[in-house]
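Asker: Sequence first, predicted model second:
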Amino acid sequence: MSALSGEEIGRYARHLVLPEIGGPGQQALKRARVLLIGAGGIGSPAALYLAAAGIGTIGIADDDTVSLSNLQRQILHQSADVGTSKLASASRSINALNPHVAVESHALRIDARNGAGIVTGYDVVLDGSDNFATRYAVADLCEAQRRPLVSATVERFSGQLTTLAPFAQDEAGAPRPRYRDLFPAPPPAGLVASCEEAGILGAVAGVLGTLAASEVVKLVCGIGEPLFGRLLLFDALAMRFEEIRYRARRSDAGCD
């Protein structure tokens, strides 16, 4: 499974010359199984870049169909796909980009009841879902199943990104933080406007999806410094990145 064909060597040539990736890293990418939660604004660029990077198996969980308003940011899908399953559209786009990638489709919305058996079948999970119930459910499932989670969100002209592995310890031997250490509880219903209500600059989803894909590649290859205990904030209007550090909660601990 991990051996690269001649065609793959040519395809991934720019990875292979990177000392941090090289042959071993590319083989790790080929062996990897990554689950995307959502084939929408964040999942679309993430899926394309993960497929281009050579992730061997990409799973996608989504229960929606393509609508015309999706096309402003959900670049996995084309005009001809309106009214069809996002899973079918995503699979076609990924296979057209890289036939070496296997796509596994999960036609459902992940929740605490149905998610454990799915999450456990993957090495890394990337959550680009658009609602709080799914985000909390996925975070809890990944913690319970000991799977690293890359979590990305977008709204209007801004986005947030972090990486979680609360089942592991940091370099000092302290537990890494949970999603609920960063966001203890969902906001009250109606407090945060939906994408339909607030709008979203399409390119913002592209930025966050691409950054999330970079985090997944780093985790699979074991390179760089993932966003453990760090929340990356992106403001497109100011074209500015900021970072907030957070830690596992104790009686006297919270966000820095």
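Answerer: Received it, and whenever you're ready, just let me know what you need. Not measured: the values here are computed from a predicted model.

Asker: which SSE is residue 211 in?
Answerer: For residue 211, the host element (DSSP states H and E) is helix 202-221.

Asker: List the contacts of the next helix or strand after that helix.
Answerer: Following helix 202-221 in sequence order, the next helix or strand is strand 230-235 (DSSP H and E). For strand 230-235, the external contacting residues (Cβ atoms under 8 Å, 6 or more residues apart in numbering) are 157-162, 182, 204, 207-208, 211, 240-246. C-beta: built from backbone N, CA, C; applies to glycine.

Asker: how close does residue 209 sit to residue 38?
Answerer: Noted for residue 209: a distance of 10 Å to residue 38, by Cβ to Cβ, to the nearest Å.

Asker: Find residues that contact each of these two.
Answerer: Common neighbours of residue 209 and residue 38 (criterion: Cβ under 8 Å, 6+ apart): residue 128.

Asker: Just the CA coordinates for stretch 228-248, please, in PDB.
Answerer: The C-alpha coordinates for stretch 228-248 follow below in PDB (Å, rounded to 0.1, in the frame of the first residue of the first chain):
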ATOM      1  CA  PHE A 228      -2.200  22.300  20.000                       C
ATOM      2  CA  GLY A 229      -3.300  24.800  22.700                       C
ATOM      3  CA  ARG A 230      -3.400  27.600  20.200                       C
ATOM      4  CA  LEU A 231      -6.400  29.200  18.500                       C
ATOM      5  CA  LEU A 232      -5.500  30.900  15.200                       C
ATOM      6  CA  LEU A 233      -7.700  33.900  14.300                       C
ATOM      7  CA  PHE A 234      -8.000  35.300  10.800                       C
ATOM      8  CA  ASP A 235      -9.500  38.700   9.900                       C
ATOM      9  CA  ALA A 236      -9.800  39.200   6.200                       C
ATOM     10  CA  LEU A 237     -10.900  42.800   6.400                       C
ATOM     11  CA  ALA A 238      -7.700  43.800   8.300                       C
ATOM     12  CA  MET A 239      -5.700  40.900   6.600                       C
ATOM     13  CA  ARG A 240      -4.400  40.000  10.000                       C
ATOM     14  CA  PHE A 241      -3.600  36.800  11.900                       C
ATOM     15  CA  GLU A 242      -3.700  36.600  15.700                       C
ATOM     16  CA  GLU A 243      -3.100  33.700  18.100                       C
ATOM     17  CA  ILE A 244      -4.700  32.900  21.500                       C
ATOM     18  CA  ARG A 245      -3.100  30.300  23.700                       C
ATOM     19  CA  TYR A 246      -5.300  28.100  25.900                       C
ATOM     20  CA  ARG A 247      -4.700  25.200  28.100                       C
ATOM     21  CA  ALA A 248      -6.400  22.300  29.900                       C
END
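
Asker: buried residues in it?
Answerer: 228-232, 234, 246-248 (16 or more other Cβ atoms under 10 Å).

Asker: and residue 224, how many neighbours does it have?
Answerer: Neighbour count of residue 224, defined by other Cβ atoms under 10 Å: 12.

Asker: who's more crowded, residue 209 and residue 38?
Answerer: The neighbour comparison of residue 209 against residue 38 (other Cβ under 10 Å) goes to residue 209, with 32 against 28.

Asker: Make sure that one is actually in contact with residue 44.
Answerer: Yes - with contacts counted by Cβ atoms under 8 Å, residue 209 reaches residue 44, the gap being 6.4 Å.

Asker: Between strand 230-235 and the helix holding residue 211, find me the angle.
Answerer: Per axes from the mean of the first three to the mean of the last three Cα atoms, to 10 degrees, the angle that helix 202-221 makes with strand 230-235 is 160 degrees.

Asker: just the helices in the stretch 51-200 of the chain please.
Answerer: Remark: helices assigned in the stretch 51-200 of the chain by DSSP state H, counting those that start in this stretch are 86-97, 116-119, 132-145, 179-182, 195-198.
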